[in-house]
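*Asks:* What would the 3D arrangement of this be:
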Amino acid sequence: MGEAEMGKIAAMRGIQRLVASSGDFFHSIKGKIFILFAVTFLSIGVLAGLNYWSLSTVSQRLLLGEKYDDLLNNILEVRRYEKNYFFYNDAKSLSEGIVYLERINALAGELAEDMTMLAGSEQQKKFMDLLYHYDQAMRVLAKGGEAGQQTLRNLGKVLTEAADDIRRQKRERAHKALKQTHIMPVAFLSIFLLLMALVIKLISQGVLRPLGMVAAGTARVGRGDFSPIATGAEQLSEIASFIRAFNRMSHELAVNQEHLLQARKMAALGTFTAGIAHELNNPINNVLLSAEGLREDYKENIDADGQEMIDDIMQQAERASDIVRNLLDFSRTGHPASEGLCPAKVVESILNLLKNQVILSGVVLHADVPETLPDICGDLRSLQQIFMNLLLNAIQATPRGGTVSVCAHEADANMVAFDICDTGPGIPESIQEHIFEPFFSTKEVGKGTGLGLAVTYALVHRYEGQISVRSSLGQGAVFTVLLPRVGGCLQATGKE
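*Replies:* Okay, the predicted model is just below:
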């Protein structure tokens, strides 16, 4: 790929980012307010410009109207001198009339363009022809020539009527322009009301309604209902982010509520089982000691059937002792003594203990725990018990030829994650939420105490860790254990 193509790709990505950011901006409260203010100022600017133009037009038309008034008044003045001449035979009146005719010609020249726009080129030309013929007739009389009195009067009359008609049209135009200026305040008010309606709609639908949904959601959370608030594409970006944050908070509260209930259940069961375990421990030890003494002291007098019965008594007593030991482990609370341990060495120690179990079960066991992982916080015996319980369950659930694996990686800056996977039949979703409860087991009667995962859960949480399961029928199961790194553990246990 050449530099030119890379440059084009970079430019296209920049444009895409710019389009995406601009889309987010215009879909936000800030963007909506910016648009409203921009439209407001633009509308005010346009209306102000139109108002200024309208007032300027009216002013010009009024000034031109005054000139049309002057034009008509001058024509009437000429007509007065015309009458004086005919009534009194006063030659001086003709001279004065010609002076006014020159003013009329000058005004007509100034108003020619406007007169054409106002009355049309034909009427303007007709007016100029009338003015020309009237002027010529007046000048002929002034030089002593002969001109028909009636003709001059007729020309003057038609010229006056034409000037008056043009002045009337100009006044009508001026009045129309004045009426148009009255529309501007109404337009200003209409746009202001429209913008206020848009602002109210934005605040009501874009802000108040979602906040009302959040308030209702808060009330539901207070009642123990952690259902999320629905988000829509039409919501403003800030509100949508706020609702997503609220939904995340509700989800975390729901998860923490479940953990809290589980912890309370564990604490109650722990107190109960601790008392039972202590009461059962001494009788079980006495049974074991008695059976062992019976086998040693009367070995020669006991036949094979009796020896088998004594062995069965000792096996069942040892099983009962294991149950009591698990009960005591489950009932322990508080932070145990801990130290920094290498995850790879912890897992390796467990694999060494499980070699025979793996061979007998016929499964393949894989481990991928890098030695470069940071040390985790814990007690070796407790961590061995955690991974022993999980791996034994995985091995027992996996058919011959199946695979069990344990992998580890850094989950985040404070945690190391361990994934124990198997290719067994999987765990139904309906019972996954119960598998960490004490005395819950999917094994056959007599093959499990139902305390292994409960003890594992208690030990993991004792170290401020987390444990979870993912499984589908026919696809095996994955148990994930999160344990704190040394720094996080020291902070959690209050050590330095």
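
*Asks:* Which other helices and strands does the helix or strand where E258 lies contact?
*Replies:* Element membership of E258 [criterion: DSSP states H and E] is helix 237-297. Secondary-structure packing of helix 237-297 (3 or more Cβ pairs under 8 Å, 6 or more residues apart in numbering; DSSP states H and E): helix 29-88, helix 209-222, helix 304-331, helix 452-462. For glycine as for every other residue, the C-beta is placed from the backbone atoms N, C-alpha and C.

*Asks:* out of the ones you listed, deepest packed?
*Replies:* Ranked by mean neighbour count, the helices and strands packed on helix 237-297 are led by helix 452-462 with a mean of 23 (mean count of other Cβ atoms under 10 Å).

*Asks:* elements contacting it?
*Replies:* Using 3+ Cβ pairs under 8 Å, 6+ apart, helix 452-462 is in contact with helix 237-297, helix 304-331, helix 380-397, strand 466-471, strand 477-484.

*Asks:* need the next SSE after the helix or strand containing N105, C-terminal direction.
*Replies:* Using DSSP H and E, N105 sits within helix 91-110. Using DSSP H and E, the helix or strand that follows helix 91-110 in sequence is helix 112-119.

*Asks:* Tell me the buried residues in that following helix?
*Replies:* By 16 or more other Cβ atoms under 10 Å, the buried positions in helix 112-119 come out as 114-115, 118-119.

*Asks:* sorry, back to before: buried set for the helix holding N105?
*Replies:* Judged by neighbour count using 16+ other Cβ under 10 Å, the buried positions of helix 91-110 are 93-94, 96-98, 100-101, 104, 107-108.

*Asks:* Same question for stretch 368-377.
*Replies:* 369, 373-377.

*Asks:* export the buried residues of helix 112-119 to JSON lines and tack on pLDDT and distance to L211?
*Replies:* Converted to JSON lines, these look like this (pLDDT from 0 to 100; distance: Cβ to Cβ, whole Å):
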{"residue": "D114", "pLDDT": "80", "distance to L211": "62"}
{"residue": "M115", "pLDDT": "79", "distance to L211": "66"}
{"residue": "L118", "pLDDT": "76", "distance to L211": "61"}
{"residue": "A119", "pLDDT": "77", "distance to L211": "65"}
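
*Asks:* Relative to I183, which of those is nearest.
*Replies:* Nearest to I183 among those is L118, at 22.3 Å by Cβ to Cβ.

*Asks:* show me what contacts that closest one?
*Replies:* The contact partners of L118, by Cβ atoms under 8 Å, 6 or more residues apart in numbering, come to 166, 169-170, 173.

*Asks:* again with D90
*Replies:* Contacts of D90 by Cβ under 8 Å, 6+ apart are N84.

*Asks:* That one and D135, how far apart?
*Replies:* 19 Å (Cβ to Cβ, to the nearest Å).

*Asks:* which intervals of the stretch 301-450 of the chain have sub-threshold pLDDT?
*Replies:* Across the stretch 301-450 of the chain, the ranges flagged by pLDDT under 70 are 319, 322-323, 325-337, 440, 442-450.

*Asks:* rerun that using 80 as the cut-off
*Replies:* Filtered on pLDDT under 80, the stretch 301-450 of the chain yields the residue ranges 301-308, 311-312, 314-338, 432-434, 437-450.
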